[in-house]
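In: Quick one: sequence and predicted model below, then my questions.
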Amino acid sequence: MSKENTGKRILIFNVNWLGDVLFSSAAIRNIRRNYPASYIACVIPSRCYPILKDNPYLDEVIIFDEKDRHKGMLAKLNFVSLLKSKKFDTVFLLHRSFSRALICRLAGINQRIGHLTRKRAFLLTKKIIPPKKDSLHRIDYYLDVIEKAGLRIEDRYPDFFFSPLDETYVDNFLIRNSVGPDSFVVALNPGGNWMPKRWPKDYWAQLADKLIKEMKAKVIITGSASDLELANQVKGAMKEAPLVACGVFNIKQLGALAKRADLFITADTGPLHIANAVGAKKIIAIFGPTSKEVTGPYPSANVIVLQKDTGCPIPCYKVDCRDNRCMKAITPEDVLAEARKIKKT
């Protein structure tokens, strides 16, 4: 008998950002442990789909793009009909939005569990008192919903899965670009979803030059196709020649590259947490406006977090900050000093 006909039918309405969806994977895994025979589906935006693709704890991943294909009222009503047809009886709302709670109510999901907000209180059947803002790591924030709903929590680390084909793709890329098995491979991730978290382009260029010249590193600049212009600007400011791989790897392949690399250097962004989730050998994480206690890598055994006190409150959500002094305070030499220590070990 399939899961379609046994146990509960559970929906997880997830959050919107790559890193946060990755953090939520701990909640997904623990929900599955509590309901091993149930049918469990998860709703995410299409850009986050690769984070949960092939996740063994889910039976289905459902796409909801509120600002794209589901932007209009008719599209939202069609989405409600879709959820209704799947006959879910319980939903864990990891997202705090009113609209998602309303969608689940209209879809006839009887048990609606999520953090209490004033606007959606009447839509929740189990109202979880939220923790104080930024008092918990994001992993624990999502686990808080299910733990206070009475579920057993066994662990709190993120999951990310890729296939042997992804590893082969990376291996072939390295072979084509004359990166041998004994090379000291350093992946740089200069992008980020908002500007205040980005390290200056000229800092990346200075660091990459020194990694190549002084440490004989094979430097690979990673990112999506949208980061290609940024990567080329970094390369254009360099004297040495890095490999630019923006748009070359999908997210799964990026995970495989991060595991293969000897060192992964990045700011606080989704690829940081992917690299950490796959067990990258060593990571240097450059933090400025965000808090490592809230969105830092976990577990942190292989991660060096660089952050300096510049007098600004942390976390800071000033997305239009023109100063960026918290990121500028961390110099290429600061990062290089840590890289030297890693190369020696």
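Out: That came through, no problem.

In: For the stretch 151-300 of the chain, which segments are assigned as strands?
Out: Counting by DSSP state E, counting those that start in this stretch, one finds strands in the stretch 151-300 of the chain at the ranges 185-189, 218-221, 243-244, 263-267, 283-286.

In: What is the neighbour count of the nearest residue to Leu257 once chain neighbours are set aside?
Out: Among residues not flanking Leu257 along the chain, Val170 sits closest, at 4.9 Å (CB to CB, 6 or more residues apart in numbering). All C-beta atoms are positioned from the backbone trio N, CA, C, and that covers glycine. For Val170, the count of nearby residues is 26 (other CB atoms under 10 Å).

In: ok so, going back, kindly reformat the strands of the stretch 151-300 of the chain as CSV containing mean neighbour count, mean pLDDT and distance to Thr345.
Out: Listed next are the strands of the stretch 151-300 of the chain as CSV, based on neighbours: other CB atoms under 10 Å; pLDDT from 0 to 100; distance: least, CB to CB, whole Å:
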stretch, mean neighbour count, mean pLDDT, distance to Thr345
strand 185-189, 26, 98, 14
strand 218-221, 25, 98, 18
strand 243-244, 19, 97, 24
strand 263-267, 27, 97, 11
strand 283-286, 24, 98, 13
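
In: Out of those, which gets nearest to Arg120?
Out: strand 263-267 (33.0 Å; CB to CB).

In: roughly how far is that closest one from the heart of the chain?
Out: 14 Å (CA atoms, centre = their mean, to the nearest Å).

In: In contact with the spatially closest residue to Asp268 that is not a sequence neighbour: list those residues for me.
Out: Closest residue in space to Asp268, ignoring its immediate chain neighbours: Thr290 at 4.6 Å, by CB to CB, 6+ apart. Going by CB atoms under 8 Å, 6 or more residues apart in numbering, Thr290 touches Lys197, Asp268, Gly296, Ile314, Pro315, Cys316.

In: Buried residues, the helix ranked longest in the chain. List them.
Out: Counting by DSSP state H, the longest helix found in the chain is helix 18-34. Buried residues in helix 18-34, defined by neighbour count with 16 or more other CB atoms under 10 Å: 18-32, 34.

In: could you dump that helix to CSV, C-alpha only?
Out: C-alpha atoms of helix 18-34 as CSV (Å, rounded to 0.1, in the frame of the first residue of the first chain):
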residue,chain,number,x,y,z
LEU,A,18,17.8,29.6,-0.9
GLY,A,19,19.7,29.7,2.4
ASP,A,20,16.5,29.7,4.4
VAL,A,21,15.0,26.8,2.5
LEU,A,22,18.3,24.9,3.2
PHE,A,23,17.9,25.7,6.9
SER,A,24,14.4,24.4,6.8
SER,A,25,15.6,21.0,5.6
ALA,A,26,16.2,20.1,9.3
ALA,A,27,12.5,20.7,10.0
ILE,A,28,11.6,18.6,6.9
ARG,A,29,13.8,15.7,8.1
ASN,A,30,12.4,15.8,11.6
ILE,A,31,8.8,16.0,10.4
ARG,A,32,9.4,12.8,8.3
ARG,A,33,10.8,11.0,11.4
ASN,A,34,7.7,11.8,13.3
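
In: helices or strands next to that helix in the packing?
Out: The contact analysis (3 or more CB pairs under 8 Å, 6 or more residues apart in numbering; DSSP states H and E) places helix 18-34 against strand 9-13, strand 39-44, helix 49-52, helix 138-148, helix 270-277.

In: which of these sits most buried?
Out: Of the helices and strands packed on helix 18-34, the one with the most neighbours on average (mean count of other CB atoms under 10 Å) is helix 270-277, at a mean of 27.

In: which residues touch that one?
Out: Under CB under 8 Å, 6+ apart, the answer for helix 270-277 is 17-19, 22-23, 25, 51, 157-160, 187, 189, 191, 193, 222-223, 251, 254-255, 258-259, 264, 266, 283, 285, 297-300, 302-303.

In: End to end on stretch 182-195, go ahead and measure it.
Out: With CA to CA, to the nearest Å applied, stretch 182-195 spans 35 Å between its terminal residues.

In: What of stretch 55-74?
Out: With CA to CA as the measure, stretch 55-74 spans 31 Å from end to end.
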